[in-house]
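>>> Using only what follows, build the 3D model:
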Amino acid sequence: MVGRCNDIVGSRSSFSRKPPKLARNWLRKDAFQLDFFAEMCENRANTGAAVLKHQPPPNHRGGTISTMIYPNDTPPTVPSQVAPRPTYPQDWHAYNAAQTSEKPIFMRLLADLCSSVEQPSYKRGRPRLPLADMIYTSACKVYAGFSARRFNSDVEDSLQKGFVDTAPSFNSVNRCIANPDLTPILKTMIEESAKPLQAIETDFAVDSTGFSTSTYARWYDHKWGKERIRQTWVKCHIAVGVKTHVVTAVEATATESADTSQLPNLVTQTAKNFTVKEISGDKAYSSRSNLRAVEAVGGIAFIPFKDNSVGKDPKRKVDGLWNRMWHYYNFNQASFLEHYHKRSNVESAFSMIKAKFGGSVIAKTPTAQVNEVLLKVLCHNLCVLVGSIYELGIEPVFALPSPESKVIDLNQYRRQNGI
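Presented below is the predicted three-dimensional model:
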């Protein structure tokens, strides 16, 4: 079987003048490439590959026509079609029910979660507004996506429905979001909002993202003698469950912070409420300390190694965990990547947060910007719980532990009472 590829190749030395523009699009500039390709094909003739032979072209000065000859008159096999992309079923009945009734259930869950927040002790001065009402109003403001003034009507609506005892003004809401004492409370509420799913999630993924702001950093560049301007942003590190995309631990910083140093804290906070079997992360988390941090909570870290990583470094002390995972990654990549690609779920979580609550913050001060990002994450967790109520049949119950509460060891309690 003989077929022409209609590939005309001309030698650069054959042209006395520059070829036309149209011809330059399909003429090769160097006949050496053709000779190399022909020799390569002749060497592979015995394997069933195509053999290239050259014939002088008619009516063309200095060119050649490439003819493809297949050994034993066997045409090349046509590659099979690409397998269809896998799709995942969606329970549209449950999804539609969750979306259409999300707001009233969200308000009820948020009120239940805020009811366990303790009111700070009164010392002197003007009596403070209830902290639970302030957090509830701030979270609802972020959920609605309105400014504090335009959200004032929703505050009155929450007061009529009994979700809050007072209706704070818009200035009080803004001052609450800018309060640095609110940051640890929001982190605790985020962890508490993920507890109803602790029987479902055992594999987790970690990553970070940025939320843009409306503030800018300015400095004078002495080298070039002019002022530089750069937009600031808030960096958010989270750990999420790969099945429901619920955030189990979070850390937000008003300045740029390295990913690798945040993983031990995220894993530790997650392990307090969940059974950790796997942690997936990208190469930014590749370090010996991070592998040991995951192993300390009983999990396995599926973090790919960097190109310059080695299994056994003669300049370092032997690390058996690092050595085992390095060999697992390099010599059993198919199995390793099957676990590692669960990390894609953390990107889905970021997409859910930014699509519903926005990828930027309205606040101006660094503390308020961090708290606004934490409020977005809290609202995301409550929305995940609403979907889980319809899809998984759970019934969330919140009970924030008080600082004075004593932690009871269940195993010790059972032994003492003969259970």
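
>>> Nearest spatial neighbour of residue 136, chain-adjacent residues omitted?
residue 114 (4.5 Å; C-beta to C-beta, 6 or more residues apart in numbering). Where C-beta positions appear, they are placed from N, C-alpha and C, glycine not excepted.

>>> what about that neighbour, how many residues close to it?
Per other C-beta atoms under 10 Å, the neighbour tally for residue 114 reads 24.

>>> next one: the one 3 residues further on
One way to gauge burial is a neighbour count; for residue 117, by other C-beta under 10 Å, it gives 18.

>>> try residue 256
So residue 256, with other C-beta under 10 Å, has 11 neighbours.

>>> how would you label residue 339: helix, strand or coil?
Put simply, residue 339 is helix when judged by DSSP: H, G, I helix; E, B strand; the rest coil.

>>> Contacts only, for the nearest residue to it once chain neighbours are set aside.
Nearest non-adjacent residue to residue 339, counting by C-beta to C-beta, 6+ apart: residue 302, 4.3 Å away. Neighbour list for residue 302: 278, 279, 280, 281, 336, 339, 340, 342, 343 [criterion: C-beta atoms under 8 Å, 6 or more residues apart in numbering].

>>> ok, which stretches of the stretch 51-200 of the chain are strands?
In the stretch 51-200 of the chain, the strands defined using DSSP state E, counting those that start in this stretch lie at 51-55, 63-69.

>>> Need phi/psi at the residue nearest to residue 339.
Main-chain dihedrals, residue 302, degrees, to the nearest 10: phi -100, psi 80.

>>> and residue 220, that's in a strand?
Yes - counting by three-state DSSP, residue 220 falls inside a strand.

>>> What residues are bridge-paired with it?
Per DSSP bridges, the residues bridged to residue 220 are residue 227.

>>> okay, it: pLDDT?
Looking at residue 220, its pLDDT is 82.

>>> was I right about it contacting residue 228?
Yes - counting by C-beta atoms under 8 Å, residue 228 is a contact partner of residue 220 at 7.5 Å.

>>> Can you list the low-confidence ranges for the chain?
In the predicted model of the chain, residues 1-80, 313-318, 399-419 satisfy pLDDT under 70.

>>> Mind splitting it into its structural domains?
Domain assignment for the chain by automatic domain parsing gives 2-73, 195-365.

>>> Next one: residue 81 from residue 158, what distance?
56 Å (C-beta to C-beta, to the nearest Å).

>>> quick one, which of those two is more surrounded?
Remark: of residue 81 and residue 158, residue 158 carries more neighbours, 18 against 6, as counted by other C-beta under 10 Å.

>>> Can you report phi and psi for the closest residue to that one other than its chain neighbours?
Closest residue to residue 158 apart from its sequence neighbours, by C-beta to C-beta, 6+ apart: residue 164 at 5.1 Å. Dihedral pair for residue 164: phi -130, psi 160, per degrees, to the nearest 10.

>>> Let me see the contact set for residue 164.
Counting by C-beta under 8 Å, 6+ apart, residue 164 makes contact with 111, 130, 132, 133, 136, 137, 155, 158.

>>> Ok, residue 265 next?
By C-beta under 8 Å, 6+ apart, the contact set of residue 265 is 249, 251.

>>> Now tell me what touches stretch 107-114 from outside.
Applying C-beta under 8 Å, 6+ apart, the contact partners of stretch 107-114 are 132-133, 135-136, 139-140, 158, 161, 163-164, 189, 192-193, 382, 385-386, 396-398, 400.

>>> got the buried residues for that stretch?
107, 109, 110, 111, 113, 114 (16 or more other C-beta atoms under 10 Å).

>>> try stretch 302-312
Residues of stretch 302-312 classed as buried: 302, 303, 304, 305 (neighbour count, 16+ other C-beta under 10 Å).
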